[in-house]
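Q: generate coordinates for the sequence data below:
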Amino acid sequence: MRRFDNKVAVITGGAAGMGRAHAEHLAAHGARVAIGDLGDASEVCAAIEAASGEAMAHRLDVADEASVAGFAQAVLARFGRCDIIVNNAGIYPFQPFDEITPADWRRVMAVDLDGPFLVSRAFLPGMRGQGYGRIVNIASAEAWMVASNNAHYIAAKMGVVGLTRALATEAAQDGVTVNAIAPGIVRGTTIDAEMPGYLDDIPRLYQAIKRAAEPADIVNAMAFLASDDARFITGQTLVVDGGGVRL
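A: Below you'll find the predicted structure:
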């Protein structure tokens, strides 16, 4: 029996990048996967189905309550339940603090912090009803680093850590665990293309393991927290950054 057989996993922002990696890994290990994204996730679903998995895609704006509600309805209509949530969708703008407008601030908060709240809120009643659930939120190691030009992003990701801790307390009695991963810099993401050399320079300066993370490094941490191996772990933030941040 595979690790996630008979489980339904919801992944936000699963059309590309780390979200796609999370979706494909869960599907490869038996989960039926629901991908919510503003982008087209049909290619991801096709790849999963070509490998004998089962997946669905739905257009989703995690910052919009009605969009999240429609996504949840579609997932339950197709699969009947949700066992695992990976709140992966997020945006990562570089802006000096003096250039951040209230609209810029609100947009980052809406996607990076309101999104995990709205998606968790939509699926948590079903998890509670079945007495089982795993919620994995994606925070960021940058929240503990000396970093500039993304105050809104760092504030939102620290909010994700707070949401994780608070929700873990309320959901534990119903068999639901809530944890977070805080990745460092990861190869194959947008920052890799936008800032050549960054992924080589930063690990050499700050990390114990002198390389950028590969997608598998983050996916494996997610899969652990989403599995029954982590059944006695909740309210925690696991930093996966090669030892750059020590908590």
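
Q: the closest residue to S140 other than its chain neighbours sits in which helix or strand?
A: Leaving out its chain neighbours, the residue that sits closest to S140 by Cβ to Cβ, 6 or more residues apart in numbering is K157, at 4.2 Å. C-beta: built from backbone N, CA, C; applies to glycine. Taking DSSP states H and E as the criterion, K157 maps to helix 151-171.

Q: what about the residue nearest to S140, how many neighbours?
A: 26 (other Cβ atoms under 10 Å).

Q: contact partners for it?
A: Neighbouring residues of K157 by Cβ atoms under 8 Å, 6 or more residues apart in numbering: 112, 139-140, 142-143, 182.

Q: please, where are all the helices along the protein?
A: For the chain, applying DSSP state H gives helices covering 17-28, 42-50, 65-79, 102-109, 115-130, 151-171, 190-194, 198-206, 215-226.

Q: on contacts alone, who are the packing partners of the first one?
A: In terms of contacts (3 or more Cβ pairs under 8 Å, 6 or more residues apart in numbering; DSSP states H and E), helix 17-28 is packed against strand 8-12, strand 32-37, helix 42-50, strand 54-59, strand 84-87, helix 215-226.

Q: most tightly packed of the helices of the chain?
A: Mean neighbour count (mean count of other Cβ atoms under 10 Å) peaks for helix 17-28 among those, with a mean of 24.

Q: only the C-alpha atoms, please, for that one, written as CSV.
A: What follows is helix 17-28, C-alpha atoms only, in CSV (Å, rounded to 0.1, in the frame of the first residue of the first chain):
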residue,chain,number,x,y,z
GLY,A,17,6.9,25.3,-9.6
MET,A,18,6.8,23.8,-6.2
GLY,A,19,3.0,23.4,-6.2
ARG,A,20,3.3,21.1,-9.2
ALA,A,21,6.1,19.2,-7.5
HIS,A,22,3.9,18.7,-4.4
ALA,A,23,0.9,17.6,-6.5
GLU,A,24,2.9,15.1,-8.6
HIS,A,25,4.6,13.6,-5.5
LEU,A,26,1.3,13.1,-3.6
ALA,A,27,-0.3,11.6,-6.7
ALA,A,28,2.7,9.2,-7.3
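
Q: just the pLDDT for the nearest residue to D174 once chain neighbours are set aside.
A: Leaving aside its chain neighbours, D174 sits nearest to R128 (4.0 Å; criterion: Cβ to Cβ, 6+ apart). R128 is assigned a predicted lDDT (pLDDT) of 98.

Q: hmm, back to that, ok, which of the helices and strands packed on helix 17-28 comes nearest V161?
A: Judged by Cβ to Cβ, the one of the helices and strands packed on helix 17-28 that comes nearest to V161 is strand 84-87, at 12.3 Å.
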